[in-house]
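A.B. asks: dropping the sequence and predicted coords here.
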Amino acid sequence: QLQLVESGGGLVQPGGSLRLSCAASGFTLDNYSIGWFRQAPGKEREGVSCISISGRYTNFADSVKGRFTISRDNARNTVYLQMNDLKPEDTAVYYCAAEGANYYCSADVTDYEYWGQGTQVTVSS
């Protein structure tokens with residue numbers, strides 16, 4: 001069974017950091033671009049960041065540039081999202097997703113084939 005599992009979410013104060021992990025089971029991530037998305041209550045799911053199969057190409061939403069980084073460890077079959085200087089507006093459920101057959105990576109939710117169940121990130125004092 002093909003599965004993505006996110007972990008690392010939680011409650012953090014403004015200015016704090018979290019590292020989210022996206023682990024795959026049933027398939028190898030090194031054949032897929034990986035995207036991170038988030039969805040806050042009452043809002044549409046939005047792209048946060050993505051990383052290409054090779055890891056050489058990454059993309060970030062303007063709202064997180066300079067604060068978030070993305071990386072992948074194909075040996076561990078895991079992709080990471082390091083989130084620094086977190087703000088209350090970063091509060092959302094964060095999802096990772098896998099997209100095949102793309103040299104780069106996409107910010108469009110409709111391009112992704114496999115999704116995790118999400119992990120809650122809450123930024124509050």
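C.D. replies: Received it, and whenever you're ready, just let me know what you need.
A.B. asks: ok, the residue nearest to the spatial centre of the chain - contacts?
C.D. replies: In the chain, the centroid-proximal residue (Cα atoms, centre = their mean) is residue 36; its distance is 2.4 Å. By Cβ atoms under 8 Å, 6 or more residues apart in numbering, the contact list for residue 36 reads 20, 22, 47-50, 70, 79, 81, 94-97. Glycine gets a C-beta too; all of them are placed from N, C-alpha and C.
A.B. asks: and the pLDDT at the residue lying closest to it once chain neighbours are set aside?
C.D. replies: In this structure, residue 36 finds its nearest non-sequential neighbour in residue 48, 4.4 Å apart by Cβ to Cβ, 6 or more residues apart in numbering. On pLDDT, residue 48 comes in at 98.
A.B. asks: what helices or strands is the helix or strand encompassing residue 48 leaning on?
C.D. replies: Element membership for residue 48, per DSSP states H and E: strand 46-51. Using 3 or more Cβ pairs under 8 Å, 6 or more residues apart in numbering; DSSP states H and E as the contact criterion, the elements in contact with strand 46-51 are strand 32-39, strand 58-60, strand 68-73, strand 78-83.
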